[in-house]
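Have a look at this fold, sequence not included:
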Ligand SMILES: Nc1nc2c(c(=O)[nH]1)N[C@@H](CNc1ccc(C(=O)N[C@@H](CCC(=O)N[C@@H](CCC(=O)N[C@@H](CCC(=O)O)C(=O)O)C(=O)O)C(=O)O)cc1)CN2
Ligand SMILES: [Zn+2]
């Protein structure tokens, strides 16, 4: 390894134990409240900064208390006020031209060497330099005349990041030193508290650009990756500033390395050897980009020091058929690499790490293959503690694995989490209402840090040093396997008796005819996706009921009142197919989990989904069954209020799994089918109650698609089957709808067709109906509702905008198949925008209908 730091500077070893990141919303969602009151204008930017500073300091001190070393960069500094990808956009000053007016309102100022242009909205914030709070949140939330940056799923998680918009002229420099300030704030705290030398966690330059989209108006063939050199130059300045502030390590997250869904080939014709003699050309493959970026970041340069670099590749397997990405990283001069040794190649029942311990297949099993050129000089941060699920680890087995990695090629082994802990709640000890036995099987973020610390100690000092902790963990794992409810013979028997007939409905033509007769809908029928605004009043009412301050009867009466209001509003607006509005649901997954056997739910187990929005993923721990009907009383009440059809509204098995913490002791396909059978009974009960249309939401079907292409066919097979198991008991005259979120459906058009739903609504407004031609050319010939209103922003589409989108749709597909609906549910919207937008949607449908 070439020496890349100044000759006399120390080269600190990587700490023995670390986590790749930590939740930032706060144990009591302090950040959510601080953000929402700042946005509402009831607090100031200074208030927000004060609260977030307190949160950051409390976090790093908590991590030290839990056993991470305070002096060596073991503590991840992974705070963000909104999103870690937006933080890089801010650091680079990469503000799209469409936000140019932001610059005019705040004085431009840049740190030394930045080439920020004059449109970056840069303003001094106190003594620091960077983009203003106003500009930061304008990108996240939009302005009066600009929609925000697009929100998209972060790999296969339920976290959403803000998509950077990069064009040939987008300013890119080292424009904001917040990352450095947040390092210094912990290392030299002004409150006189314990100093902590943290490790800044930053999205890596290659992943940043691979997740970017071309800025509007960029040339047809423009690739954001062509700005790699500019981005890397800015990162170099950032690293130099961090080194000057005293940071021993920085973590650059490069999860794009494990994804085949990134749209840029890993290796290819322009890969190694092809463009070697054109060093100036833009990288066209992921591997080119990685080599180039990290060669520059690690190149020695007089005067400019840098922290040592840990590259983290969470969410999957670096070593796969399509290319050995570990070899690629090992070939760079970074000092440490973090591997996800839990996830393996797919969300599978069996953690790869366990296979490895048994000598079976799986990424970790290729331990012997760690004799990769270059690795001997690096630290391998072995991500053996699952950052993505909440089961307490079998520490003895993990320690076996860690020991087996020793001497297989890496220079040193450190212990880490497989991913950031952003995706799990803070603390099991914060859940007084959990069954104590269940609580004993769980590890949230704080417990996981403890596990990492224990393993690191076991690895260094020998098993005996941690024997009590190993024994306790083993007891928890065994206790879980033997506990009542984990295996319920009646559920298993029902599953075992399934045959192909349970997965198939009558032919579509027969169903369509029966449904036409029964429903008698106009062409281009209008509907919504299910939820109406979740008002503060409803939440407060539910909170009072949950606390016991409101009786069941009073709560029920209040919900009925809300349903009646929503039904009346839809009749007034002239919608054709109505919904009940879902006011009784805290969340579309948690609500069902609270009413199914086999699940537990939490009180404080909040996990950030995007910005200030959070979810409490339920814990699916046992065999699933339905003690009694769940939605039938609300659906029948709503239906009794109108002559129009009201959709029954269920969340499908894949989405319930995707947004829960799921047991890891059996194949996901089996768990999905258990949920499907419970929902199948609900569909039957809705039918019996006279409900003619049942919507089964599979919002997360695309989200769970494995990042590894090799694992996708098996996933699509079991996910589609579980949906069909849910719905195929329905009579031909019952119309089955489904709803899918996120517009990147290109990879799964075939699976959408295989769901065999009568009507499918999909997000499409922001991509201007992009999905429609794909569906049409794939031969999709059932009902389709491409969203015509982007509900992710408070902007009200005009009836002209809606009818333009609608015309795009009917130009591509048989108008008899087209439905008119928003992109998604309306629970995050207000009533004012909802009423205005739906008025325009109905008017547009009528206009286009008349032109058919
Ligand atoms: N699980 C899930 N994942 C999803 C989605 C989804 O709907 N569900 N949608 C997509 C986008 N992601 C989203 C995630 C969260 C929210 C969201 O609105 N979350 C709410 C919480 C919803 C909830 O659980 N509501 C509860 C509890 C609300 C609450 O905070 N109550 C207060 C008390 C009442 C008050 O004073 O406000 C409290 O507990 O302190 C209820 O209604 O009962 C929030 O963060 O504010 C929206 C979209 C993708 N992923
Ligand atoms: Zn949706």
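Structure's in. What do you need? Note that the structure is predicted; figures quoted are calculated from it, not measured. Residues are numbered from 1 along each chain as shown. Ligands and ions are numbered 1, 2, ... in the order given.

So, low pLDDT: which residues of the stretch 101-250 of the chain?
When the per-residue scores of the stretch 101-250 of the chain are filtered using pLDDT under 70, the ranges that remain are 101, 103-128.

Flag every residue of it that's near ligand 1.
In this structure, the stretch 101-250 of the chain approaches ligand 1 at residues residue 158, judged by Cβ under 6 Å from any ligand atom. (Each C-beta comes from the backbone N, C-alpha and C, glycine too.)

one more time with 8 Å
Taking Cβ under 8 Å from any ligand atom as the criterion, the stretch 101-250 of the chain approaches ligand 1 at residues 153, 158, 160.

now, which of these sits nearest residue 465?
Each of those was scored against residue 465 by Cβ to Cβ, and residue 158 proved nearest at 37.4 Å.

Show me which residues of the chain sit near ligand 1.
The interface of the chain toward ligand 1, taken as Cβ under 8 Å from any ligand atom, is made up of 29, 32, 153, 158, 160, 531, 534, 536, 538-540, 542-543, 546, 585-590, 606, 609-610, 612-617, 659, 699-700, 703, 741, 824-825, 827-828.

Which of those residues fall in helices?
Using DSSP state H, the members of the residues of the chain next to ligand 1 that fall in helices are 32, 536, 538-540, 542-543, 546, 590.

Check the residues of the chain next to ligand 1 one by one and keep those near ligand 2.
Near ligand 2, judged by Cβ under 5 Å from the ion, the entries from the residues of the chain next to ligand 1 are 699, 741, 824.

Neighbour-wise, which one of those leads?
Taking other Cβ atoms under 10 Å as the neighbour criterion, residue 824 ranks highest of those with 27 neighbours.

right, and that one touches residue 741 too?
Yes - Residue 824 is in contact with residue 741 according to Cβ atoms under 8 Å; the separation is 5.7 Å.

And the helices in the stretch 401-550 of the chain?
Per DSSP state H, counting those that start in this stretch, the stretch 401-550 of the chain carries helices over the ranges 436-439, 445-461, 467-482, 489-496, 508-519, 536-547.

make that the stretch 151-300 of the chain, sorry
Under the criterion DSSP H, counting those that start in this stretch, the stretch 151-300 of the chain carries helices at the ranges 178-187, 205-210, 228-245, 286-298.

ok, residue 207 - contacts?
Neighbour list for residue 207: 253-257 [criterion: Cβ atoms under 8 Å, 6 or more residues apart in numbering].

Please repeat the previous calculation with a cut-off of 10 Å.
Under the criterion of Cβ atoms under 10 Å, 6 or more residues apart in numbering, the neighbours of residue 207 are 85, 88, 155, 252-257, 259, 262, 286, 289-290, 312-313.

how many degrees apart are the helix or strand that contains residue 49 and helix 445-461 in direction?
Of the helices and strands defined by DSSP states H and E, residue 49 is found in helix 45-65. Orientation check (axes from the mean of the first three to the mean of the last three Cα atoms, to 10 degrees): helix 45-65 against helix 445-461 gives 40 degrees.

Does helix 45-65 pack against any helices or strands, and if so which?
For helix 45-65, the elements it packs on are helix 30-39, strand 75-77, strand 122-125, helix 133-141, helix 178-187, strand 198-203, helix 445-461, judged by 3 or more Cβ pairs under 10 Å, 6 or more residues apart in numbering; DSSP states H and E.

Can you give me the distance of the closest residue to residue 246 other than its chain neighbours to residue 24?
When the adjacent residues along the chain are set aside, residue 246 lies closest to residue 187, with 6.0 Å between them (Cβ to Cβ, 6 or more residues apart in numbering). Between residue 187 and residue 24 the distance is 19 Å, computed by Cβ to Cβ, to the nearest Å.

out of those two, which sits in the more crowded spot?
With other Cβ under 10 Å as the criterion, residue 187 and residue 24 differ in neighbour count, and residue 24 comes out ahead with 21 against 18.

quick one: pLDDT of the residue lying closest to the more buried one once chain neighbours are set aside?
Spatial nearest neighbour of residue 24, chain neighbours left out: residue 79 (5.0 Å); criterion: Cβ to Cβ, 6+ apart. Model confidence at residue 79, expressed as pLDDT, equals 98.

so who does residue 565 touch?
Applying Cβ under 10 Å, 6+ apart to residue 565 gives the contacts 532, 581, 583, 831.

Those residues of the stretch 651-800 of the chain touching ligand 2, which are they?
Within the stretch 651-800 of the chain, the residues that sit near ligand 2 (Cβ under 5 Å from the ion) are 699, 741.

Find the closest residue to ligand 1 in the stretch 651-800 of the chain.
With distances taken as Cβ to the nearest ligand atom, the stretch 651-800 of the chain approaches ligand 1 most closely at residue 659, which sits 4.0 Å away.

Which residue is the nearest non-sequential neighbour of that residue?
In space, residue 659 comes closest to residue 589 once its chain neighbours are excluded; the distance is 4.2 Å by Cβ to Cβ, 6+ apart.

Can you report phi and psi for that neighbour?
When read as degrees, to the nearest 10, the backbone of residue 589 gives phi -100, psi -50.

list the contacts for it?
Residue 589 neighbours (Cβ under 10 Å, 6+ apart): 158, 599, 601, 615-618, 651, 655-660, 697, 699-700.

one more time with 6 Å, if that's ok
Under the criterion of Cβ atoms under 6 Å, 6 or more residues apart in numbering, the neighbours of residue 589 are 651, 656, 659.

Which one (most neighbours) among those?
Note: the member of the contacts of residue 589 with the most neighbours is residue 656, at 31 neighbours, neighbours being other Cβ under 10 Å.

Return the subset of the contacts of residue 589 lying in strands.
Those of the contacts of residue 589 mapping onto strands are residue 651, per DSSP state E.

ok, so of the contacts of residue 589, who is nearest residue 409?
Taking these together and measuring to residue 409 by Cβ to Cβ, the closest member is residue 659, at 38.1 Å.

Identify the residues contacting the closest one.
With contacts defined as Cβ under 6 Å, 6+ apart, residue 659 is in contact with 158, 589, 617.

ok, so what distance separates the residue lying closest to residue 433 once chain neighbours are set aside from residue 378?
Closest residue to residue 433 apart from its sequence neighbours, by Cβ to Cβ, 6+ apart: residue 603 at 5.7 Å. When distances are taken as Cβ to Cβ, residue 603 and residue 378 turn out to be 42 Å apart.

Give me the more crowded residue out of the two.
Using other Cβ under 10 Å, the more surrounded residue of residue 603 and residue 378 is residue 378, with 24 against 12.

what's that one in contact with, if anything?
Residues counted as contacts of residue 378 (Cβ under 6 Å, 6+ apart) are 336-337, 411.

Need the pLDDT of the nearest residue to it once chain neighbours are set aside.
Computed as Cβ to Cβ, 6+ apart, the closest residue to residue 378 that is not its neighbour in sequence is residue 411, at 5.3 Å. As predicted, residue 411 sits at a pLDDT of 86.

Residue 411: neighbouring residues, count only.
Neighbourhood size, residue 411 [other Cβ under 10 Å]: 16.

Surely residue 20 and residue 311 touch.
No - between residue 20 and residue 311 there is no contact, the gap being 11.1 Å when judged by Cβ atoms under 6 Å.

would you list the contacts of residue 565 in a markdown table and tack on neighbour count?
Supplementary listing: these in a markdown table, determined by neighbours: other Cβ atoms under 10 Å:
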| residue | neighbour count |
| --- | --- |
| 532 | 26 |
| 581 | 29 |
| 583 | 25 |
| 831 | 14 |
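
Cheers, nothing more for now.
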